[in-house]
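Visitor: how does the following fold in three dimensions:
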Amino acid sequence: MTVLVFCEHEDGAIAEASLETATLARRLAGATGDDVQAVAVGGDHAGDTGLGPIPLHVADDERLAGGYAPAAWARSVADAARRTGAELVMAAATDRGNEIAAYVAAFLGQPMAANCTDVRPADPLEVTRVRWGGSLLEEATLTGSPKVLTVSPHAIAAERAAGAAHVQPFQPELADDDLRVRVTAREEPPAGKVSLGEARVVVGGGRGMGGADGFLVLEELAGLLGGAVGCSRAVTSAGWRPHSDQIGQTGARIAPDLYIACGISGAIQHIVGCKAAKRIMTINTDPEAPILAQSDWAITGDARAVVAALVAELRSGG
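Guide: Just a heads-up that it's a prediction; the model follows:
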């Protein structure tokens, strides 16, 4: 069978989550002797994309150049699935990937399995997927043709494949109604700001920081470490930080080398967002805080005082 991977990209650079999905697709195809192909909407994909020398179908329509339009993008992916005879369509379980996959499944009249961490060749297809905010792994089967699923970010380590993809532009069959909903403007982050999804170090703050002013010292620590600042849902609910900084089930899911959780108790919804971190250091006044069970190191104390001491030590060259 043909496995078709929907690839998100930024100016032609394939997103890390899509490379993770392609990695799982190659493993699956390697076990079954099938081939892997990819599809993207627009973009210049000349050179090494990390996908390797596979067919990369690129939807080329001037109406797609106006910004993200979920129905039109999904229609393009569904069209590519028909053209390639794909029996499995995969996408990363990002906000955009899940939305596109849901549309694709609806257009093709098939079920969809979201947030998969593993896929095993069988008839029907066997999948493991995350449920209940990450507290449960479900073993399930997926039927239909083509089958549609999304892969949970950071569940698979991305393995870049060398070689340029074979770019094959195609004209998708779009209806005017497919373009009724689209992104018309984007608010870019401040220049030089490290995004939560890409940061190798993330400093997170919770209710224990006491207020919006308490995050000033976290910003300072993150700046010294070349990282980004995140927060818990309680912080965004209180209006101390924007939702874009939220880590958790309803926020960003991070996978840094180091996550420093300051004044965060560690509700399961927050753990879902940070459990892919390679190392977690916790600073909390409560030695029984739930997040300590997930931590590699723990410091018991007031987060504001401890972080201030860390900043002073780093500034002194210690």
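Visitor: can you tell me which strand in the protein is longest?
Guide: Ranked by residue count and defined by DSSP state E, the top strand of the chain is strand 112-120.
Visitor: adjacent strands (with direction) for it?
Guide: Applying DSSP bridges, strand 112-120 is found paired with strand 125-131 (antiparallel), strand 147-151 (parallel).
Visitor: contact partners of it?
Guide: 24, 28, 90, 93, 98, 101-102, 104-105, 125-131, 137, 140, 142, 147-152, 155-156 (Cβ atoms under 8 Å, 6 or more residues apart in numbering). Every residue, glycine included, has its C-beta placed from N, CA and C.
Visitor: list buried residues within these.
Guide: 24, 28, 90, 93, 98, 101-102, 104-105, 125, 127-130, 142, 147-152, 155-156 (16 or more other Cβ atoms under 10 Å).
Visitor: which secondary structure element contains the nearest residue to residue 173 once chain neighbours are set aside?
Guide: Of all residues not flanking residue 173 in the chain, residue 79 sits nearest, at 5.7 Å (Cβ to Cβ, 6 or more residues apart in numbering). Assessed by DSSP states H and E, residue 79 sits inside helix 70-84.
Visitor: please point out which parts of that helix sit buried.
Guide: Neighbour-count burial for helix 70-84 flags 70-81, 84 (criterion: 16+ other Cβ under 10 Å).
Visitor: verify the stated contact: residue 67 with residue 179.
Guide: No: counting by Cβ atoms under 8 Å, residue 179 is not a contact partner of residue 67; they are 9.9 Å apart.
Visitor: who has more neighbours, these two?
Guide: The neighbour comparison of residue 67 against residue 179 (other Cβ atoms under 10 Å) goes to residue 179, with 17 against 11.
Visitor: what sits against that one?
Guide: Counted by Cβ under 8 Å, 6+ apart, residue 179 has contacts 63, 66, 69, 71, 72.
Visitor: do the same with residue 257
Guide: With contact taken as Cβ under 8 Å, 6+ apart, residue 257 is in contact with 200, 201, 277, 278, 279.
Visitor: for it, give its distance to residue 251.
Guide: Distance, residue 257 to residue 251, by Cβ to Cβ, to the nearest Å: 20 Å.
Visitor: and what of residue 46?
Guide: From residue 46 to residue 251 the distance is 35 Å (Cβ to Cβ).
Visitor: in which helix or strand does the residue lying closest to residue 170 once chain neighbours are set aside reside?
Guide: Distances taken as Cβ to Cβ, 6+ apart put residue 57 closest to residue 170, at 5.6 Å, once the chain neighbours are dropped. For residue 57, the enclosing helix or strand under DSSP H and E is strand 55-59.
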